[in-house]
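Chemist: sequence first, then the predicted structure:
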Amino acid sequence: MIHIPPALKHRGFVLIWIGLIVSMVGSQMQQWALFWHISQLSKDPIAVSIVGGVRFLAVLSFSLIAGLVADRFNRRNILFITQSVSALVALVLGLLTLSGAIRLWHIYALTAVQAVAMAFDLPARQSLVPNLVPRELLPSAFSLQSIAFNTGAIVGPAMSGVVIGYLGQEYVYLINAVTFLAVIIALVMMGPVPQSGAVAQRGLRAALTDIHDGVNFIRHQPLILSTMILDFIATFFSSANTLLPYFTQNIIHVGEVAYGWLAAAQSIGAVLVGVAVSQFHQIRRQGLLLVGSVFVFGVATILFGVSRIYAIIFFALMLMGAADSVSTIIRNTIRQMITPDALRGRMTSINQIFFMGGPQLGEIEAGAVAQFFGVPIAIISGGIGAILGVWMIISIWPTLPGYNGDEPNAQSVPAD
């Protein structure tokens, strides 16, 4: 029997969760429409991979300072700014496309602006969650966040195909601009949110010291460090999302609407898993579930690359999404439970380099392999790389699969 997830008993979390669902629909519409748009402006797979490079540079350049900002300033106020900037970027993309003046460099430049905003958005948003729900409800809260993201990632891509096909590319961007209002309204209704250390520290020396403290904390937390590296390796090799427009058009020969549903398939699997996990107050055998989910992710990626039947491809993508959802929920729970509130922003910002850097650099790698060896080879080799990455992480940190999740002093788990 399905019960109301315990995290939904807290008003502040409910408000931001509903806002995120609406906003994620628009954001996912834009992401997949952007890939399709670039594929129409350039027939070279490497063109769409440049988006990943632009995003990674933004994350690499601003993540550490963004984490410090999330720890030293009010996280709710930061989200006001980042969400507003993202809405403005979507509006400009829509107007440029509507006028017919849009060029590839416009897309890359505006993507860079939005990526900088998101570099500040994620540490503030993730660090805000433990300020809204009790510690023991974090697995429920993060599974609900996964549901919010993946619900948007189901509805958004499916809607993007329909909107592009029947209304035009520009309307995807314009609709996305409006959806950001949902989070902004939620933040207004939420009111002030207490947090530890939300006092601005002046001076460059103090800022550098605080950033060093965050990096030093991660270095001495092998459980957090190992999950970050595992995430980076898996997403670097299995980042085939940007190749989906070329795969659908050139390999299985389907149109915009069928493309939209394939783009949503991963999130359908992720939502099913998220709903199941949100029912639990505590998840045990977390280490084994984590490494197992990444292994399944790699196998499903290979199945996607070798298949030519639409239904099998859809299933493989669903399986990838389900496995990725398990991995994401467990990783977020481990990190937020181990990290003190005053360091959560910096921890999340360092993690952001790994979990956003992996897929963004992976998009470049996948695009380059696809350019020279073909799209299927790029996808299959990525799945193999993810599986080898699991083996490497277990070899370096053999205690990771044995982590249960209820250890009294998880932060002292030794490295081997």
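Modeler: Perfect, I can see it now.

Chemist: contacts only, for residue 168.
Modeler: Contact analysis of residue 168 by CB atoms under 8 Å, 6 or more residues apart in numbering lists residue 97. C-beta: built from backbone N, CA, C; applies to glycine.

Chemist: phi and psi next, for it.
Modeler: When read as degrees, to the nearest 10, the backbone of residue 168 gives phi 130, psi 150.

Chemist: gap between it and residue 102?
Modeler: 12 Å (CB to CB, to the nearest Å).

Chemist: next one: residue 135
Modeler: For residue 135 relative to residue 102 (CB to CB), the value is 47 Å.

Chemist: what do residue 168 and residue 102 both touch?
Modeler: Joint contacts of residue 168 and residue 102 (CB under 8 Å, 6+ apart) do not exist.

Chemist: tell me where the stretch 1-150 of the chain has helices.
Modeler: 11-41, 45-72, 75-99, 104-128, 138-166 (DSSP state H, counting those that start in this stretch).

Chemist: ditto for the stretch 251-400 of the chain
Modeler: Counting by DSSP H, counting those that start in this stretch, the helices of the stretch 251-400 of the chain are 256-277, 286-306, 310-338, 344-373, 375-396.

Chemist: and the third one with helix 104-128, angle?
Modeler: The one in question is helix 310-338. Taking axes from the mean of the first three to the mean of the last three CA atoms, to 10 degrees, one finds that helix 310-338 is oriented at 50 degrees with respect to helix 104-128.

Chemist: least reliable of the helices of the stretch 251-400 of the chain going by mean pLDDT?
Modeler: Here the helices of the stretch 251-400 of the chain differ in mean pLDDT, and the lowest is helix 344-373 at a mean of 75.

Chemist: which parts of that one are buried?
Modeler: Judged by neighbour count (16 or more other CB atoms under 10 Å), helix 344-373 contains these buried residues: 344-367, 369-370.

Chemist: can you check stretch 87-99 too?
Modeler: Across stretch 87-99, burial judged by 16+ other CB under 10 Å covers 87, 88, 89, 90, 91, 92, 93, 94, 96, 97.

Chemist: among the residues you listed, which one lies nearest to residue 187?
Modeler: Of all these, residue 187 sits closest to residue 87, with 13.0 Å by CB to CB.

Chemist: out of everything not next to it in sequence, what's closest to the closest one?
Modeler: Of all residues not flanking residue 87 in the chain, residue 180 sits nearest, at 3.7 Å (CB to CB, 6 or more residues apart in numbering).

Chemist: could you do residue 320 as well?
Modeler: Distance criterion CB to CB, 6+ apart; nearest residue to residue 320, sequence neighbours excluded, is residue 300 at 4.3 Å.

Chemist: I figured residue 222 was touching residue 398, is that so?
Modeler: No - using CB atoms under 8 Å as the test, residue 222 is too far from residue 398 to be in contact (11.1 Å).

Chemist: need the mean per-residue confidence for stretch 156-164.
Modeler: 81.

Chemist: pull the distance from it to the chain's centre.
Modeler: 20 Å (CA atoms, centre = their mean, to the nearest Å).

Chemist: list the contacts of that stretch.
Modeler: Residues from elsewhere that reach stretch 156-164 (CB under 8 Å, 6+ apart): 24-33, 36, 171-172, 175, 256-261, 263-264, 267.

Chemist: how about the contacts made by residue 328?
Modeler: Residue 328 is in contact with 142, 146, counting by CB under 8 Å, 6+ apart.

Chemist: can you do 7 Å?
Modeler: Residues near residue 328 by CB atoms under 7 Å, 6 or more residues apart in numbering: residue 146.

Chemist: roughly how far does it sit from residue 63?
Modeler: 18 Å.

Chemist: same check, this time on residue 295
Modeler: Using CB to CB, residue 295 is found at 28 Å from residue 63.

Chemist: more crowded one of those two?
Modeler: Applying other CB atoms under 10 Å to residue 295 and residue 63 shows that residue 63 carries more neighbours, namely 24 against 18.

Chemist: from residue 43, how far off is the more buried one?
Modeler: Residue 63 sits 33 Å away from residue 43 when distances are taken as CB to CB.

Chemist: where does pLDDT dip in the stretch 1-150 of the chain?
Modeler: Counting by pLDDT under 70, the stretch 1-150 of the chain shows low-confidence ranges at 1-2, 45.

Chemist: ok, residues contacting the strand or helix carrying residue 170?
Modeler: Per DSSP states H and E, residue 170 falls inside helix 169-190. For helix 169-190, the surrounding residues in contact (CB under 7 Å, 6+ apart) are 12, 15-16, 18-20, 22-23, 25-27, 29-30, 33, 37, 76, 79-80, 83-84, 86-87, 90-91, 93-94, 97-98, 160, 163-164.

Chemist: could you export stretch 231-241 as CSV, CA atoms only?
Modeler: Below are the C-alpha coordinates for stretch 231-241, written out as CSV (Å, rounded to 0.1, in the frame of the first residue of the first chain):
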residue,chain,number,x,y,z
ASP,A,231,29.4,9.1,-10.4
PHE,A,232,32.0,10.9,-12.5
ILE,A,233,33.2,7.8,-14.3
ALA,A,234,29.8,6.3,-14.9
THR,A,235,28.3,9.6,-16.3
PHE,A,236,31.5,10.4,-18.3
PHE,A,237,31.3,7.1,-20.3
SER,A,238,27.5,6.7,-20.5
SER,A,239,26.5,10.3,-21.5
ALA,A,240,24.7,9.3,-24.7
ASN,A,241,21.7,11.7,-24.3
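
Chemist: so what's the residue count around residue 329?
Modeler: 31.

Chemist: before we move on, what about residue 100?
Modeler: 7.

Chemist: got the contact list for it?
Modeler: Contact analysis of residue 100 by CB under 7 Å, 6+ apart lists nothing.

Chemist: just to revisit the earlier point, tell me which residues of the helix holding residue 170 are tucked away?
Modeler: 169-177, 179-184, 186-187, 190.

Chemist: how far off centre is that helix?
Modeler: 18 Å.

Chemist: ok, residue 135 and residue 102, which is more surrounded?
Modeler: Using other CB under 10 Å as the criterion, residue 135 and residue 102 rank with residue 102 on top: 21 against 9.

Chemist: and that one, what does it touch?
Modeler: Contact analysis of residue 102 by CB under 7 Å, 6+ apart lists residue 96.

Chemist: same deal with residue 324?
Modeler: 266, 270, 297.

Chemist: what about the last one, how many residues close to it?
Modeler: Just to be clear, that refers to residue 297. A count of nearby residues for residue 297, using other CB under 10 Å, gives 26.
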